[in-house]
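Novice: Any chance you can model this:
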Amino acid sequence: MDGFTVLLVAGSYVCGSIPIGVAVARLSGGPDPRTVGSGRTGATNALRAMGRGPAAVVVAGDALKGAIPVLSAQALAVGPAVEVLCATAAVVGATWSIFLRFRGGRGVVTNAGAMLVIQPLAVLAAAPVFIGVVLATRYVSLGSLLGTVAIAVATWLLWAAANGPISGAYPLYASAASAVVWLAHADNIDRLIHGTERKFDFGLLVGRGN
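Specialist: The predicted model follows:
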C-alpha cells in the first residue's frame, strides 16, 4: 500500500468519525444523543433525543460519511480495492470515532451510504428486509442486523449474476462491513437473546412518545 492510499484511507476514517449526531445536537440546542437510550450517536438515538427533523439530518449526514470516501476514491480512479478500503475505514470511524474516544454509532447508515455508491441495487433489495423486520418486531437493532446481512447477500448475488463486470472486492466489502455492524451491535444481540432489548416507539415518528 503506497503513501497516497494510506492517506486516502486515513482520511476516510476521519470522515467516518465525524460525530454528526453530536454536531446536530449542539447546533440545534437539542439533547446530546449520548445522554439517552443506548448512548450511541446514530439516527435512532437522535430521534429519541431530538425528534424527526434532526434525526433526518443525522441519517443524511451518516450516509454521506460512507458515500463521500467511496465517491472520492472513484473520482481518483484508484480501483475497487482502494474504494472498499475507504468504505471500510469510514464504517470503522462511524463506529469507533477518533473524536468520541472511540465510541460512536453502529455503522449501519454509513455502510448503507457507501453501498449506495458501490452497489445501489443491493441496498434497494435489502430495504424491505430492514423495514419488514422493524415493523414486525419493533426492534431497530434486529432490522439493522438482518438488513446489513441482506445487503451482503444481495451484493454476492449481483456479483455472481454479473459473471465478471463487478469486482469481487465489493461483495467482500459488504461481508466485512456486515461483520463490523454485528460487532458494534454486541450489546443489542445480548439483549435480544435475553428478551431485554428496547422496542422502537413508532409514536416518535408522529411526534408522540419519548
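Novice: can you dump the C-alpha coordinates of the worst-scoring helix or strand of the chain on mean pLDDT into CSV?
Specialist: Across the helices and strands of the chain, mean pLDDT, DSSP states H and E gives its lowest value to helix 43-50, namely a mean of 90. Only the C-alpha atoms of helix 43-50 are listed here, as CSV (Å, rounded to 0.1, in the frame of the first residue of the first chain):
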residue,chain,number,x,y,z
ALA,A,43,-30.3,8.1,13.9
THR,A,44,-32.4,6.1,16.3
ASN,A,45,-30.9,7.7,19.4
ALA,A,46,-31.1,11.1,17.7
LEU,A,47,-34.8,10.6,17.1
ARG,A,48,-35.3,9.8,20.8
ALA,A,49,-33.3,12.8,21.9
MET,A,50,-34.2,15.5,19.3
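Novice: Would you mind writing the CA trace of the helix or strand that it is followed by as PDB?
Specialist: Going down the chain from helix 43-50, the next helix or strand is helix 52-75, by DSSP states H and E. What follows is helix 52-75, C-alpha atoms only, in PDB (Å, rounded to 0.1, in the frame of the first residue of the first chain):
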ATOM      1  CA  ARG A  52     -37.800  13.700  13.500                       C
ATOM      2  CA  GLY A  53     -36.100  16.700  11.800                       C
ATOM      3  CA  PRO A  54     -32.700  16.500  13.500                       C
ATOM      4  CA  ALA A  55     -32.800  12.700  13.200                       C
ATOM      5  CA  ALA A  56     -33.300  13.000   9.400                       C
ATOM      6  CA  VAL A  57     -30.300  15.300   9.200                       C
ATOM      7  CA  VAL A  58     -28.300  12.700  11.100                       C
ATOM      8  CA  VAL A  59     -29.400  10.000   8.700                       C
ATOM      9  CA  ALA A  60     -28.300  12.100   5.700                       C
ATOM     10  CA  GLY A  61     -25.000  13.000   7.300                       C
ATOM     11  CA  ASP A  62     -24.200   9.500   8.400                       C
ATOM     12  CA  ALA A  63     -25.000   8.200   4.800                       C
ATOM     13  CA  LEU A  64     -22.700  10.900   3.300                       C
ATOM     14  CA  LYS A  65     -19.900   9.800   5.600                       C
ATOM     15  CA  GLY A  66     -19.900   6.500   3.800                       C
ATOM     16  CA  ALA A  67     -20.700   7.800   0.300                       C
ATOM     17  CA  ILE A  68     -18.100  10.600   0.100                       C
ATOM     18  CA  PRO A  69     -15.000   8.400   0.700                       C
ATOM     19  CA  VAL A  70     -16.100   6.000  -2.000                       C
ATOM     20  CA  LEU A  71     -17.000   8.800  -4.400                       C
ATOM     21  CA  SER A  72     -13.600  10.400  -3.800                       C
ATOM     22  CA  ALA A  73     -11.800   7.100  -4.500                       C
ATOM     23  CA  GLN A  74     -13.800   6.600  -7.700                       C
ATOM     24  CA  ALA A  75     -13.000  10.200  -8.800                       C
END
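Novice: List the buried residues for helix 52-75?
Specialist: The neighbour-count check on helix 52-75 (16 or more other CB atoms under 10 Å) flags 54-55, 57-59, 61-74 as buried. (Each C-beta comes from the backbone N, C-alpha and C, glycine too.)
Novice: For residue 42, which residues are in contact?
Specialist: Residue 42 makes contact with 21, 33, 58, 62, 104, 105, 106, 108, 109, according to CB atoms under 8 Å, 6 or more residues apart in numbering.
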